[in-house]
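> Take this sequence and fold it.
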Amino acid sequence: MNNEQEKNFNELVSVITPAYNAEKFIHNTIKSVLAQTYSKWEMIVVDDCSTDSTVKIVREYMQQDERIKLIQLKKNSGPAVTRNTAIKNARGRYLAFLDSDDQWYPEKLEKQLKYMEENKIAFSFSSYEYMDEKGNPSGKTEPVPELVNYKDLLKQNMIGCLTVMLDTEKTGNIEMVNIRSRQDYTTWLNLTKRGIHAYGLQEVLARYRVVENSLSSNKFKMAKQNWKVYREIENLGLIKSIYYFIYYLFNKFKKYVL
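You can find the predicted model right below:
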């Protein structure tokens with residue numbers, strides 16, 4: 001993005017990055033933010049009591065670029081607390097989410113911010129591609145719909161957290177539910193339930209790392225957590241929960257088996 005373009009899109013973007021024992025991956029995550037063509041950002045890394053060299057690595061990058069910030073939690077608290085801590089300390093109008101093992105393409109912020117400002121959008125996300133644990137691209141991408149509402153999301157979470165950008169002037173304050181997993185999903189549900197539709201940018205702008213034995217790779221645990229979201233977070237009745245859970249199972253079957 002040249003100087004003239006930056007004058008038109010001059011809002012600070014706060015990058016929300018929770019981290020826990022991420023020494024193998026966080027180098028490339030931070031580098032992907034440093035490589036952004038849109039330069040007005042801050043990256044808030046919240047370390048959840050890592051026992052490896054994650055903090056040391058982040059501090060090395062902080063010495064190179066003052067836009068990178070580090071907050072260290074005093075006790076291990078999980079991704080919801082780490083993300084909420086970053087959000088509370090964010091100075092930007094826009095929030096963008098990037099976990100410590102994922103990466104962005106260089107034009108991610110520039111293209112998404114332009115898309116949101118030109119179309120007056122509060123909540124956007126994009127397509128992304130998968131890579132394996134070593135960072136090798138799998139050749140598989142996740143396409144996204146152009147528009148997602150609350151009922152769509154109950155059937156399937158098609159929103160990759162690593163691609164989400166929110167305009168807090170339009171959404172109001174953001175706080176994730178304090179659960180160990182699916183806290184991002186419940187946040188998207190909360191926003192769309194309030195009538196804030198999510199708009200999908202039809203372009204691959206990020207790379208999602210599939211880590212062996214991670215929670216998101218355990219399909220049974222994810223299904224169990226989805227049921228919990230329906231019943232305990234969204235407070236859906238039994239019949240509605242079964243209805244949407246069948247949709248969820250069908251979509252997962254179609255994605256991973258068919």
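> So the closest residue to S53 other than its chain neighbours: helix, strand or coil?
Sequence neighbours aside, E23 is the residue nearest to S53 in space, at 4.6 Å (criterion: C-beta to C-beta, 6 or more residues apart in numbering). Placement of C-beta: from N, CA and C, glycine included. Taking DSSP: H, G, I helix; E, B strand; the rest coil as the rule, one finds E23 in the coil state.
> What about E23, how many residues nearby?
Using other C-beta atoms under 10 Å, the number of residues around E23 comes to 17.
> what do you get for I242?
Counted by other C-beta under 10 Å, the residues lying close to I242 total 13.
> Could you spell out which stretches of the protein belong to which domain?
Per the record, the chain has its domains at 3-213, 218-258, by automatic domain parsing.
> Please identify the most buried of these.
Ranked by mean neighbour count, the domains of the chain are led by domain 3-213 with a mean of 18 (mean count of other C-beta atoms under 10 Å).
> about what we covered before: look up phi and psi at the residue nearest to S53.
phi -60, psi -30 (degrees, to the nearest 10).
> Secondary structure element holding V204?
Using DSSP states H and E, V204 sits in strand 198-209.
> Low-confidence ranges, the stretch 101-250 of the chain, go.
Within the stretch 101-250 of the chain, the stretches with pLDDT under 70 are 213-217.
> Where do the helices of it begin and end?
Along the stretch 101-250 of the chain, counting by DSSP state H, counting those that start in this stretch, helices occupy 108-119, 150-155, 168-171, 183-193, 219-228, 238-256.
> And the contacts of the last one?
Residues external to helix 238-256 that are found in contact with it (C-beta atoms under 8 Å, 6 or more residues apart in numbering): 154-156, 219, 223, 226-227, 230-231, 236.
> Which two among these are spaced furthest apart?
Farthest pair in these (C-beta to C-beta) is K219 and L236. Separation: 21.4 Å.
> quick one on the thing from earlier: export the helices of the stretch 101-250 of the chain to CSV and append columns for distance to D65.
Shown next, in CSV, are these (distance: least, C-beta to C-beta, whole Å):
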stretch, distance to D65
helix 108-119, 15
helix 150-155, 35
helix 168-171, 24
helix 183-193, 26
helix 219-228, 35
helix 238-256, 38
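> re earlier: and the residue nearest to S53, what does it touch?
Counting by C-beta under 8 Å, 6+ apart, E23 makes contact with 50, 52-54, 57.
> again, only using 7 Å
For E23, the contact set (C-beta atoms under 7 Å, 6 or more residues apart in numbering) comprises 52-54, 57.
> Likewise for E107?
By C-beta under 7 Å, 6+ apart, the contact list for E107 reads T37.
> gap between V229 and Y244?
Separation of V229 from Y244 (C-beta to C-beta, to the nearest Å) stands at 10 Å.
> In this structure I121 contacts A198, no?
No. Assessed by C-beta atoms under 7 Å, I121 is found out of contact with A198, at 8.8 Å.
> how close does M131 sit to G139?
Separation of M131 from G139 (C-beta to C-beta): 10 Å.
> same check, this time on Y247
Distance from Y247 to G139, by C-beta to C-beta: 28 Å.
> Also D102?
According to C-beta to C-beta, D102 stands 17 Å off from G139.
> Please apply the same query to S32.
Using C-beta to C-beta, we find S32 at a distance of 19 Å from G139.
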